[in-house]
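>>> turn this into a structure:
(chains A and B)
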Amino acid sequence: MSAPHVIVIGAGSTGAATAHDLALRGFRVTVLERGEIANQTTGRNHCLLHSGGRYCVKDQESAIECIDENLILRRIMPEALELNDGLFVAITEEDLAFKQLFVAGCVACHIPYREISPQRALALEPFLNPKLLAAVQVPDGVFEPWRFCLAFLATAKHNGASVRAFAEVTDLLRSGSAVTGVKVRDLRTGQTETLGADLVVNATGPWAGEIAHLGGVDVPVQPTAGVMVTVDRRLNNMVVNRLDKPSDGDIVVPQRQTSIIGTTSWTILDPDQIDIPKDHIDKMIHKGQELIPAIAQRVVRGVGAAARPLIRKANTDEREVSRTFECFDHKYDGVEGFVTISGGKTTTARGMAEKVTDLVAGKLGVSAECRTRTTPLLSYRLFYN
Amino acid sequence: MAIEVPVKMFRCKAGEAPRFEAHRVSVPDDANVIDVIDAVWRQDNTLMFRHACHHASCGTCAVRVNGYEKLPCIVPVREAMAGQTEMVIEPLRNFPLVGDLVVDVTSFFQKQAASGMVITRAAEPSLDGRAYERAEVFDDAGRLDTRPYNRFENCIECGICLSACPTLSATDRFFGPAGLAAVRRAVQTTPDPRRKSLLLALADSDHGVWQCHSAFECTEACPQDVDPAGAIMALRRELAVRKLKAVFGLGGH
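Residues are numbered from 1 along each chain as shown, chains lettered A, B, ... in the order given. Now for the predicted structure:
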């Protein structure tokens, strides 16, 4: 008997990591992505390999996921990472008052940290606001999101997966109460075909609600946009964060030659129609200068926005929605052969993939265990082979 | 403030003749060209285009805008429309076409892999944040490779240099600017003399540096100041010196 066939919809970081885990466990895998790899949420994320520091006070579950996955990715994906650490800096007395909570959070979430003096911080990062009052160093890092996904997909392809970009799922095939495959439109030819599957994984991030509706079910994903503003020079070596609870414009991520200021947060209805509010861009430039005043002298090089796939909970502000992920087995909604994985972050994509692949393996009676924690990924360039 | 942009978009599906499709889109006056492409996509989501980061680090979105290779994510619409009445958007040249604005980058990435050079480094040094004057960036010979920002690792593998290359327009028997820039950097950094000889043999092959027409179009078009032409010239000098030394019996290394 041949291995079960699983279709993964979406080739952002979640879909890419899930394809890798499934292929490594011996499934036949087809990834369908309506555009380029990582063309939306993952592609336009912050490039931040989280240490967990940003969440260690308000959302410790996310923080622990982040540090665990951070340490795993350092082992399996060296080629796409810049490992320069991160600094949380206090600029105001109010920030300084947050430091104790922050350090306690790091301890609680086993995030390695080191407090360094403002003088030392300025010696390491000469463009920091010279008025800083305190600095705490943590193991943040930086990745390149598109290549991050290609590394997972290159390895999945090597293990037999088929990855199709510009292939848009337009409907789900149903047989009774079960999902049995997809209808897919190949944008290269304009032709529509059907593909059968033993199970379909919905890894479409902020689009998860739309795909779930095709299967007649609902998932509580709340698309929440954020804007990133990139300036034309690298102004910091380490990731620089505001030592405070997450807020708008509180982080400057250096990536290769540039620095990326982020971010804002606003709820949207349609993740295909994001109009970037001009005042959000101005706010990034303005707030970013509180951390790194030299931003004022730089030229904006690029501005991007994409929707985060946050999991909706009742009566919460979008900043307070947990950044952890959820895996939904739609058999509990009366639909077999269909699961959704959503929420989470690119940093935790491998962990999300492990959880959804455990679920898929259980449903399809495959006993292979997850090996992605220790399996090194191939070069992203081998995606093109 | 919004601006109206008349667009002529290159469209081509498999098995069909290419055509230009007229669109009119409205974007904020500080938008970049990628926002124009996205606005056309919102009108017709069968348009195929590559994009991811929108800040010139992934390298996927390169196209030709009014005839010139550009990264639409960092080119302001105002700049692209200066002196123009419409915006003509076409795919890169010198790559097989997949459809619409999408080209097949398979053989490009295979060549990029040949040198073994990784563009993302584990650590980048802190850099001086001030802008360079042009005189600081280009020396008298037009070379960039001694400057801190101008090195192969700045390459984002966008393919613009291949599209701009007149040699590749004439022949496919050429390794191409980005791949040779990577070979040059690998030659500079490898401590292994045998590997260095193999890399130089690749550069010296009939697909190598001698095919280059020295037009410097690649360096002109590169959005990252990688200066592939400078790298090709440097490889030619190194190969010439080696050959001379070999002729005069001074050793090949």
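
>>> can you give me the end-to-end span of stretch A:240-258?
Separation of the first and last residues of stretch A:240-258 by CA to CA, to the nearest Å is 13 Å.

>>> distance from that stretch to the middle of the chain?
For stretch A:240-258, the separation from the chain centroid amounts to 16 Å (computed by CA atoms, centre = their mean, to the nearest Å).

>>> equivalent analysis for stretch A:128-136, please.
Worked out by CA atoms, centre = their mean, stretch A:128-136 lies 28 Å from the chain centre.

>>> and it, anywhere near chain B?
No. On the criterion CB under 8 Å from any CB of the partner chain, stretch A:128-136 is out of touch with chain B, staying 10.6 Å away. Every C-beta, even on glycine, is put in place using the N, C-alpha and C of the backbone.

>>> same deal with stretch A:342-361?
No. Against chain B, stretch A:342-361 shows no contacts by CB under 8 Å from any CB, the least distance being 12.0 Å.

>>> state the pLDDT value of the residue nearest the centre of chain A.
For chain A, A:T346 is the residue whose C-alpha lies nearest the centre (CA atoms, centre = their mean; 2.3 Å). A:T346 is assigned a predicted lDDT (pLDDT) of 96.

>>> let me see the ranges of the helices in the stretch 251-385 of chain A.
Ranges of helices in the stretch 251-385 of chain A, per DSSP state H, counting those that start in this stretch, are A:278-291, A:349-364.

>>> what would these look like in JSON lines with mean neighbour count?
Below are the helices of the stretch 251-385 of chain A laid out as JSON lines (neighbours: other CB atoms under 10 Å in any protein chain shown):
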{"stretch": "helix A:278-291", "mean neighbour count": "18"}
{"stretch": "helix A:349-364", "mean neighbour count": "22"}
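
>>> just the helices in the stretch 101-250 of chain B please.
For the stretch 101-250 of chain B, the helices defined by DSSP H, counting those that start in this stretch occupy B:106-114, B:134-137, B:160-164, B:166-170, B:177-189, B:193-204, B:217-221, B:228-247.

>>> which of those helices has the lowest average pLDDT?
Mean pLDDT is lowest for helix B:134-137 among those, at a mean of 42.

>>> contact partners for B:R121?
For B:R121, the contact set (CB atoms under 8 Å, 6 or more residues apart in numbering or on different chains) comprises A:82, B:153.

>>> oh, that last question was meant for A:A16, not what I typed.
Counted by CB under 8 Å, 6+ apart, A:A16 has contacts A:31, A:37-38, A:148-150, A:152-153, A:156, A:349.

>>> export the helices of the stretch 251-385 of chain A to JSON lines and tack on mean pLDDT?
Below are those laid out as JSON lines (pLDDT from 0 to 100):
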{"stretch": "helix A:278-291", "mean pLDDT": "95"}
{"stretch": "helix A:349-364", "mean pLDDT": "97"}
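
>>> for chain B, what are the low-confidence residue spans?
B:122-152, B:250-253 (pLDDT under 70).

>>> then the stretch 201-350 of chain A?
For the stretch 201-350 of chain A, residues meeting the criterion pLDDT under 70 lie at A:313-323.

>>> show me which residues of it are close to chain B?
Listed as neighbours of chain B in the stretch 201-350 of chain A under the rule CB under 8 Å from any CB: A:228, A:230, A:232-237, A:254-258, A:260, A:272-273, A:276, A:278, A:281, A:294, A:297-299, A:301-304.

>>> quick revisit: A:S162: which of the helices of the stretch 251-385 of chain A is closest?
helix A:349-364 (16.8 Å; CB to CB).

>>> A:C109 contacts A:S62, doesn't it?
No. Between A:C109 and A:S62 there is no contact under CB atoms under 8 Å: 9.1 Å.

>>> what do these two both touch?
With CB under 8 Å, 6+ apart as the test, A:C109 and A:S62 both reach A:G52.

>>> can you tell me the helix or strand for A:V240?
A:V240 belongs to strand A:239-242 when assigned by DSSP states H and E.

>>> starting at the chain centroid, how far to that strand?
Centroid separation for strand A:239-242 versus its chain: 18 Å, with CA atoms, centre = their mean.

>>> other SSEs contacting it?
The elements that strand A:239-242 packs onto, with contact taken as 3 or more CB pairs under 8 Å, 6 or more residues apart in numbering or on different chains; DSSP states H and E, are strand A:86-90, strand A:251-255, helix A:278-291.

>>> redo those as TSV? Include distance to A:Y380.
As requested, the helices and strands packed on strand A:239-242 are arranged in TSV below (distance: least, CB to CB, whole Å):
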stretch	distance to A:Y380
strand A:86-90	24
strand A:251-255	16
helix A:278-291	29
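
>>> which among those is found nearest to B:F95?
By CB to CB (comparing all of the helices and strands packed on strand A:239-242), the closest turns out to be strand A:251-255, at 25.9 Å.

>>> can you list contacts of that closest one?
A:46-48, A:54, A:82, A:84, A:142, A:144, A:230, A:234-242, A:259-263, A:288, A:291-292, A:295, B:55, B:57, B:124.

>>> tilt between it and strand A:86-90?
Angle of strand A:251-255 versus strand A:86-90, following axes from the mean of the first three to the mean of the last three CA atoms, to 10 degrees, is 150 degrees.

>>> paired strands for strand A:251-255, with orientation please.
strand A:239-242 (antiparallel), strand A:258-262 (antiparallel) (DSSP bridges).

>>> widest-spaced pair of the contacts of A:A16?
Among the contacts of A:A16, A:V31 and A:F148 lie farthest apart (CB to CB), at 15.0 Å.

>>> in CSV: the helices of the stretch 101-250 of chain B, plus mean neighbour count.
Shown next, in CSV, are the helices of the stretch 101-250 of chain B (neighbours: other CB under 10 Å):
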stretch, mean neighbour count
helix B:106-114, 18
helix B:134-137, 10
helix B:160-164, 28
helix B:166-170, 17
helix B:177-189, 25
helix B:193-204, 16
helix B:217-221, 22
helix B:228-247, 18
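
>>> ok, which of these comes nearest chain A?
Nearest to chain A, of all the helices of the stretch 101-250 of chain B, is helix B:106-114, at 3.9 Å by CB to the nearest CB.

>>> what helices and strands are in contact with the closest one?
Judged by 3+ CB pairs under 8 Å, 6+ apart, helix B:106-114 is in contact with helix B:177-189.

>>> next, the angle helix B:106-114 makes with the helix it packs on.
Angle of helix B:177-189 versus helix B:106-114, following the same axes, to 10 degrees, is 10 degrees.

>>> helices or strands up against helix B:177-189?
In terms of contacts (3+ CB pairs under 8 Å, 6+ apart), helix B:177-189 is packed against helix B:106-114, helix B:160-164, helix B:193-204, helix B:228-247.

>>> just put these in JSON lines and tack on distance to A:E354.
Converted to JSON lines, the helices and strands packed on helix B:177-189 look like this (distance: least, CB to CB, whole Å):
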{"stretch": "helix B:106-114", "distance to A:E354": "28"}
{"stretch": "helix B:160-164", "distance to A:E354": "38"}
{"stretch": "helix B:193-204", "distance to A:E354": "38"}
{"stretch": "helix B:228-247", "distance to A:E354": "41"}
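
>>> out of the ones you listed, nearest to B:L180?
Between B:L180 and those, the tightest spacing by CB to CB is seen for helix B:228-247, at 5.2 Å.

>>> what packs against the closest one?
helix B:177-189, helix B:193-204, helix B:217-221.

>>> can you pull the contacts of the closest residue to A:P246 other than its chain neighbours?
With sequence-adjacent residues excluded and distances taken as CB to CB, 6 or more residues apart in numbering or on different chains, A:P246 is closest to A:R54, at 5.6 Å. Listed by CB under 8 Å, 6+ apart, the contact set of A:R54 reads A:63, A:241, A:246, A:251.
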